[in-house]
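S.K.: Using only what follows, build the 3D model:
(one chain, ligands or ions: 1)
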Amino acid sequence: MGTPAPWSVLLLAVLVGLCTSPVAQGKPNFIVILADDLGWGDLGANWAETKETPHLDELAAEGTRFVDFHSAASTCSPSRASLLTGRLGVRNGVTHNFAISSVGGLPLNETTLAEVLRAAGYSTAAIGKWHLGHHGHHHPIFRGFDYYFGIPYSHDMGCTDTPGYNVPPCPPCPQHSAATSPTNKDCYTDVALPLFENLTIIQQPVDLSSLVEQYMEAAARFIQQARDSSRPFFLYLALAHMHVPLQIAPPPDRGIYGAALREMDALVGHVKHLADSCGKGSTLLWFTGDNGPWMQKCELAGRLGPLLGAWQRAQGGSPAKQTTWEGGHRVPALAYWPGHVPAKRSSHAMLSTLDVFPTLVALAGATLPPNRRFDGMDVSPVLFGLSDVGHKVLLHPNSGAAGKDGAVEALRLAQYKAFYTTGGAKACDGSIGPEEHHRPPLIFNLDRDIQEQEPLDVASREYQAVLPAISRAYAQALEDIATDNTTVADYSKDPAAVPCCSTQHVACRCHAPTSHTASLDQHTDGRATRLCLSDRSLKPLLDESPNCSALRKQRSPVKFRTSKHPNQGSLCTTQREPAPHQRAEQMQNTLLPAMEEKPES
Ligand SMILES: [Ca+2]
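M.R.: Next up is the predicted model:
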């Protein structure tokens, strides 16, 4: 076991004793931890060569490990949208990643898991990476979460003063000059990475070195508040790990990636302690990942384990993140719920992050939203060890490699995996496998070829026997989607959608790095005057402006009102209804002048 940091020991000491009611209102609490770009082989319980995950391995020993568990897409935004809606991107509209200037997000007519659980009496929070739209009502605070603390997209989609590891390396945020032209097209240097608490940017740029601690403290605060209110809670904890490592100074005896993996493992261990401190058996903790390793990051990418995607590698290109190879979407998955989920069990049921939505809805005694179909299903019998039967068919949408984004051109049928399209993802060596379309499809038998090395011979009896069943399953799936209520997301971009606490400072700095006071930015470009915060203890306020009256006209659970501030005059503040335990004042994030767009992360 790793040695816990002093802050975490103190935090745990405070929490033990605070939590008294085992299961509020007879409903279980839910904690869903979603790692970013985690490899199937990054979990020691999955892959013996991995030694950096003692806490996760403990979780596996005390709970159930799922070895055939899949993310719903192989890149960030679509995977997260599917987890929170139970529907594939081709239904919910989120087919590729949102940018920092994206106007849209997860379509507002899609219902999130948080919205369903909140209606069922749950206190809800999202902590960590969102990446489902941050502009207007796409912000998580409008998508069913009572509380939000985190970064609106990937932590490499903005500059920081102590940049984390990246390949290629990126410079820190510019300090003084307005000339912010990037020297590296893969680096975001124009806009500092923002950290939100609810609607307020509380830090910009984010201090990456304290991000883990801040997430942990936010999780502890939220759990405590939920307990104080005697409500069950749903915590969606979307980690920054393992997208690219955060820390600039890993222990000298460990590799950079290994050190980051240990950091994530320790964080998960502390969350488990938080859950246990509230009464063992009161909380279902579900750990998984959003997609496989980002191979173009080379030594900073995760471990595939046995999921080598050997056929694709022979063609060039990556068989991991962004692709429909197993390395792209088969992810570690653990469920921990003492007294409910069997310990020391490995399940071979074919499951998906799509199943989180219907399963938690069922366990909460709630009902699925009407007038739409779901790709996920209630897998609580598998969780409880009563069954090992999961999906018979699982669809794998294109996720940024070859083919149209979101289109389904790969699928599983039992142990068989069929590809209609391959190629298109960059490997560490810079190669991008050629986009190839396969009619008839490539078919692999994963039972004897988990490396996806040798497709079945088209002339073989096995291929001829399984192809009709795959074709039928594929046609039925496409027909089901074509006749469903589906949505299209708005992927348009506007510089005004960029989250920025101060348009007056280069790279949207809130303040000088050593300052801990709020500063009032008097904009000279005709925009509203805004209070820019660098100290979270100060109440966030937004100056009265045309924006305030416009905000009041929007349909939203947040009500905007004008109030008088002793020093700042007329102000536009927000009050969330009906959540009196929430902070009363919140600030709408501000806008940024035109800027150059960067590649999506
Ligand atoms: Ca990801």
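S.K.: So which elements touch the helix or strand containing residue 77?
M.R.: Element membership for residue 77 (DSSP states H and E) is helix 76-85. Contact here means 3 or more C-beta pairs under 8 Å, 6 or more residues apart in numbering; DSSP states H and E; on that basis helix 76-85 packs against strand 29-35, helix 89-92, helix 113-119, helix 356-363. Glycine gets a C-beta too; all of them are placed from N, C-alpha and C.
S.K.: So what's the gap between the second one and the chain middle?
M.R.: Yep, that's helix 89-92 we're talking about. The chain centroid and the centroid of helix 89-92 are separated by 17 Å under C-alpha atoms, centre = their mean, to the nearest Å.
S.K.: The last one too?
M.R.: Averaging C-alpha positions (C-alpha atoms, centre = their mean) puts helix 356-363 18 Å from its chain's average.
S.K.: Could I get the CA-only coordinates of stretch 163-172 as CSV?
M.R.: C-alpha atoms of stretch 163-172 as CSV (Å, rounded to 0.1, in the frame of the first residue of the first chain):
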residue,chain,number,x,y,z
PRO,A,163,2.5,22.4,-17.2
GLY,A,164,2.0,18.7,-16.7
TYR,A,165,3.7,16.1,-18.8
ASN,A,166,2.8,16.0,-22.4
VAL,A,167,4.1,14.8,-25.7
PRO,A,168,5.1,17.0,-27.3
PRO,A,169,6.0,19.2,-24.3
CYS,A,170,4.0,22.4,-24.0
PRO,A,171,5.1,25.8,-22.5
PRO,A,172,3.6,27.4,-19.4
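S.K.: And the contacts of that stretch?
M.R.: If you take C-beta atoms under 8 Å, 6 or more residues apart in numbering as the criterion, stretch 163-172 is touched by 155-156, 159-162, 183-184, 186-189, 208, 244-248, 256, 260, 296-300.
S.K.: Buried only: go through those for me.
M.R.: Applying 16 or more other C-beta atoms under 10 Å to those, the neighbour count classes 155-156, 159-162, 187-189, 208, 244-247, 256, 260, 296-297, 300 as buried.
S.K.: Can you tell me how far the residue in the stretch 1-150 of the chain that the ion sits nearest to is from residue 490?
M.R.: For the stretch 1-150 of the chain and the ion, the shortest gap (C-beta to the ion) falls at residue 76, measuring 4.0 Å. Residue 76 is 17 Å from residue 490, where distance means C-beta to C-beta, to the nearest Å.
S.K.: what does residue 406 give?
M.R.: For residue 406 relative to residue 490 (C-beta to C-beta), the value is 14 Å.
S.K.: More neighbours: which of those two?
M.R.: The neighbour comparison of residue 406 against residue 490 (other C-beta atoms under 10 Å) goes to residue 406, with 22 against 16.
S.K.: Hmm, the more buried one is touching residue 97, no?
M.R.: No. Taking C-beta atoms under 8 Å as the definition, residue 406 is not a contact partner of residue 97, at 11.6 Å.
S.K.: shared neighbours of those two, anything?
M.R.: Counting by C-beta under 8 Å, 6+ apart, the residues touching both residue 406 and residue 97 are residue 78.
S.K.: Quick one: the helices in the chain, in order.
M.R.: Using DSSP state H, the helices found in the chain span residues 6-15, 54-62, 76-85, 89-92, 113-119, 211-228, 256-277, 310-315, 326-329, 356-363, 380-383, 461-482, 546-552.
S.K.: how about stretch 238-257 against the ion, any contact?
M.R.: No. On the criterion C-beta under 5 Å from the ion, stretch 238-257 is out of touch with the ion, staying 6.0 Å away.
S.K.: Off-centre distance for that stretch?
M.R.: That offset, for stretch 238-257, works out to 18 Å (C-alpha atoms, centre = their mean).
S.K.: where's the nearest residue in space to residue 148 that is not next to it in sequence relative to residue 130, distance?
M.R.: Spatial nearest neighbour of residue 148, chain neighbours left out: residue 140 (4.4 Å); criterion: C-beta to C-beta, 6 or more residues apart in numbering. Using C-beta to C-beta, residue 140 is found at 5 Å from residue 130.
S.K.: got any residues that touch both of these two?
M.R.: In contact with both residue 140 and residue 130: residue 148, using C-beta under 8 Å, 6+ apart.
S.K.: Who has more neighbours out of these two?
M.R.: Between residue 140 and residue 130, residue 140 has the larger neighbour count (other C-beta under 10 Å), namely 30 against 27.
S.K.: that older thread, and the helices and strands packed on helix 76-85: which comes nearest residue 321?
M.R.: Across these, residue 321 has its closest neighbour in strand 29-35 (12.5 Å, C-beta to C-beta).
S.K.: Partner strands of that closest one, with direction?
M.R.: Sheet pairing for strand 29-35, assigned by DSSP bridges, gives strand 233-238 (parallel), strand 283-289 (parallel).
S.K.: Next, the angle from that strand to helix 76-85.
M.R.: If you take axes from the mean of the first three to the mean of the last three C-alpha atoms, to 10 degrees, strand 29-35 sits at 160 degrees to helix 76-85.
S.K.: any bit of strand 29-35 sitting next to the ion?
M.R.: No. Using C-beta under 5 Å from the ion, strand 29-35 never reaches the ion; the gap is at least 8.5 Å.
S.K.: Now do the contacts for residue 31.
M.R.: Residue 31 neighbours (C-beta under 8 Å, 6+ apart): 234, 235, 237, 271, 275, 283, 284, 285, 286.
S.K.: Let's have these in JSON lines, adding distance to residue 465, neighbour count and pLDDT.
M.R.: Formatted as JSON lines, those follow (distance: C-beta to C-beta, whole Å; neighbours: other C-beta atoms under 10 Å; pLDDT from 0 to 100):
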{"residue": "234", "distance to residue 465": "45", "neighbour count": "29", "pLDDT": "98"}
{"residue": "235", "distance to residue 465": "46", "neighbour count": "27", "pLDDT": "98"}
{"residue": "237", "distance to residue 465": "44", "neighbour count": "26", "pLDDT": "98"}
{"residue": "271", "distance to residue 465": "46", "neighbour count": "26", "pLDDT": "97"}
{"residue": "275", "distance to residue 465": "47", "neighbour count": "25", "pLDDT": "94"}
{"residue": "283", "distance to residue 465": "46", "neighbour count": "27", "pLDDT": "97"}
{"residue": "284", "distance to residue 465": "40", "neighbour count": "24", "pLDDT": "98"}
{"residue": "285", "distance to residue 465": "41", "neighbour count": "25", "pLDDT": "98"}
{"residue": "286", "distance to residue 465": "36", "neighbour count": "23", "pLDDT": "98"}
